[in-house]
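Participant: below is the sequence, then the predicted model.
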Amino acid sequence: MNAAIRAVVRTAIYYDIEVVGIREGYNGLIQGNFTKLGARSVSNIINMGGTILKSARSLEFKTKEGRQKAYDNCVAHGIDALVCIGGDGTFTGAQIFGEEFGIKVIGVPGTIDNDIFGTDNTIGYDTALNTAMEAIDKIRDTATSHNRIFFIEVMGRDAGFIALNSGIATGAIDILIPEETDSLEEMFNTFEKAKKRGKNSSIVVVAEGETLATTYELAKKTKEQFPEADIRVTILGHIQRGGAPSCADRVLASKLGYGAVTGLMKGLTNVMAGVRSNHIVYTPIEDAIRKHNEINQELLTISEILAL
Ligand code: F6P
């Protein structure tokens with residue numbers, strides 16, 4: 001997100017537009033927690049994880065009174081447009097605020113889950129994916145050396161993009177994601193087949209939002225089915241949401257920050273800036289919230305074939 005903040009600030013200044021950073025999301029907008037941002041205030045942040053402006057979930061912004069306070073602050077500080085970086089929650093707030101007060105809003109998709117419609121990738125996704133991949137690679141060493149089955153849970157409350165792609169990249173035997181209907185029988189079958197083919201160790205990647213069972217329950221049920229198996233569970237957790245952003249994420253964030261400012265300059269509002277097939281595109285924010293990126297079915301097939 002820092003690379004996006006930097007791009008917004010530098011693009012705006014390039015076009016003689018003043019920029020104010022709002023700390024801690026919509027809470028900061030309500031409390032007037034603003035900081036004037038100049039070209040130098042965003043120096044040396046392109047390589048940093050997290051966000052220098054901090055982030056918060058705001059319950060008050062869900063109320064009309066809260067949003068009124070936020071709008072009053074915008075008027076008091078001469079703010080006539082907002083660039084809102086985040087996911088579904090952020091965009092829903094932006095849409096309501098924009099419609100209620102007529103202030104211009106533009107969304108920038110920032111979530112590691114990659115589940116926002118209107119962009120091929122969201123900011124943070126590639127970095128999270130690579131972190132997950134590297135962690136799973138390391139776990140593989142124990143799995144192989146000790147002939148173990150590992151259930152590894154990756155983030156994705158409602159989406160399996162990290163699980164599917166990190167699973168393919170690390171040669172997982174099975175990948176469980178919320179977008180697919182999985183069954184224990186199918187998973188056990190996969191283990192059976194693997195055993196027959198002489199596989200001694202296996203990695204199963206599970207998305208946090210998998211609906212079949214929790215990762216611990218999956219491991220427990222597998223142990224009941226295969227009592228001789230040596231099984232472990234690793235939950236990767238928030239390690240996936242931090243660290244220096246990947247090159248792809250920095251470039252994406254730079255494009256989107258630039259796209260947000262130039263979009264506003266063209267008069268666009270209530271849209272999200274995204275990148276599709278390398279081009280900056282704008283999608284109605286409503287579609288970005290309500291529609292969803294489809295899981296690539298071909299990738300699922302590939303993962304099954306390659307897990308032989
Ligand atoms: O929404 C992105 C996400 O990374 C989800 O995959 C995950 O469930 C959630 O954030 C974790 O949020 P929190 O840090 O609030 O626990």
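Facilitator: Everything's here; your move. Model, not experiment: these values are computed from the prediction. Numbers count the residues shown, from 1 in each chain.
Participant: hang on, residue 280 in a strand?
Facilitator: Yes. According to DSSP: H, G, I helix; E, B strand; the rest coil, residue 280 belongs to a strand.
Participant: and it, how far from residue 129?
Facilitator: Per C-beta to C-beta, to the nearest Å, residue 280 is found 22 Å from residue 129. Glycine gets a C-beta too; all of them are placed from N, C-alpha and C.
Participant: settle it for me: which of those two has more neighbours?
Facilitator: Between residue 280 and residue 129, residue 129 has the larger neighbour count (other C-beta atoms under 10 Å), namely 25 against 16.
Participant: just give me the neighbour total for the residue of the chain found nearest the ligand.
Facilitator: Per C-beta to the nearest ligand atom, residue 157 is where the chain lies closest to the ligand, at 3.4 Å. Neighbourhood size, residue 157 [other C-beta under 10 Å]: 11.
Participant: so who does the spatially most central residue of the chain touch?
Facilitator: A centroid search over the chain (C-alpha atoms, centre = their mean) returns residue 112, at 1.8 Å, as the residue closest to the centre. Under the criterion of C-beta atoms under 8 Å, 6 or more residues apart in numbering, the neighbours of residue 112 are 122, 124-125, 127-128, 155, 162, 240-241.
Participant: tell me where this structure has helices.
Facilitator: In the chain, the helices defined using DSSP state H lie at 2-14, 25-31, 64-76, 88-101, 125-145, 161-169, 184-196, 215-225, 247-265, 285-290, 297-306.
Participant: point out the most buried one among these.
Facilitator: Greatest average neighbour count among the helices of the chain goes to helix 161-169 (a mean of 25), per mean count of other C-beta atoms under 10 Å.
Participant: and stretch 128-136, how far out from the chain middle?
Facilitator: Computed by C-alpha atoms, centre = their mean, to the nearest Å, the chain-centroid distance of stretch 128-136 equals 14 Å.
Participant: what about stretch 217-236, near the ligand?
Facilitator: No. Stretch 217-236 is not in contact with the ligand by C-beta under 6 Å from any ligand atom; minimum separation 10.8 Å.
Participant: up against the ligand, what does the stretch 51-200 of the chain have?
Facilitator: For the stretch 51-200 of the chain, the contact set with the ligand under C-beta under 6 Å from any ligand atom comprises 87, 111-113, 155-157.
Participant: cutoff 5 Å now
Facilitator: 113, 155-157 (C-beta under 5 Å from any ligand atom).
Participant: which residue is the nearest non-sequential neighbour of residue 201?
Facilitator: Distance criterion C-beta to C-beta, 6 or more residues apart in numbering; nearest residue to residue 201, sequence neighbours excluded, is residue 143 at 4.3 Å.
Participant: enumerate every residue touching the one you found.
Facilitator: Contact analysis of residue 143 by C-beta under 8 Å, 6+ apart lists 149-150, 201-203.
Participant: okay, it and residue 232: tell me how far apart.
Facilitator: Separation of residue 143 from residue 232 (C-beta to C-beta): 8 Å.
Participant: local confidence estimate at residue 292?
Facilitator: For residue 292, the model assigns a pLDDT of 89.
Participant: nearest residue to it other than its sequence neighbours?
Facilitator: Of all residues not flanking residue 292 in the chain, residue 117 sits nearest, at 5.7 Å (C-beta to C-beta, 6+ apart).
Participant: residue 123 now?
Facilitator: The nearest residue in space to residue 123 (C-beta to C-beta, 6+ apart) is residue 110, at 4.2 Å.
Participant: same check, this time on residue 147
Facilitator: residue 200 (4.4 Å).
Participant: can you pull the pLDDT of the one you found?
Facilitator: On the pLDDT scale, residue 200 gets 94.
Participant: backbone dihedrals for it, please?
Facilitator: Main-chain dihedrals, residue 200, degrees, to the nearest 10: phi -100, psi -20.
Participant: residues near it, how many?
Facilitator: Residue 200: 12 surrounding residues under other C-beta under 10 Å.
Participant: rewinding a little: of the residues of the stretch 51-200 of the chain next to the ligand, closest to residue 218?
Facilitator: residue 156 (15.3 Å; C-beta to C-beta).
Participant: so that closest one touches residue 177, yeah?
Facilitator: Yes. With contact defined as C-beta atoms under 8 Å, residue 156 and residue 177 form a contacting pair (7.4 Å).
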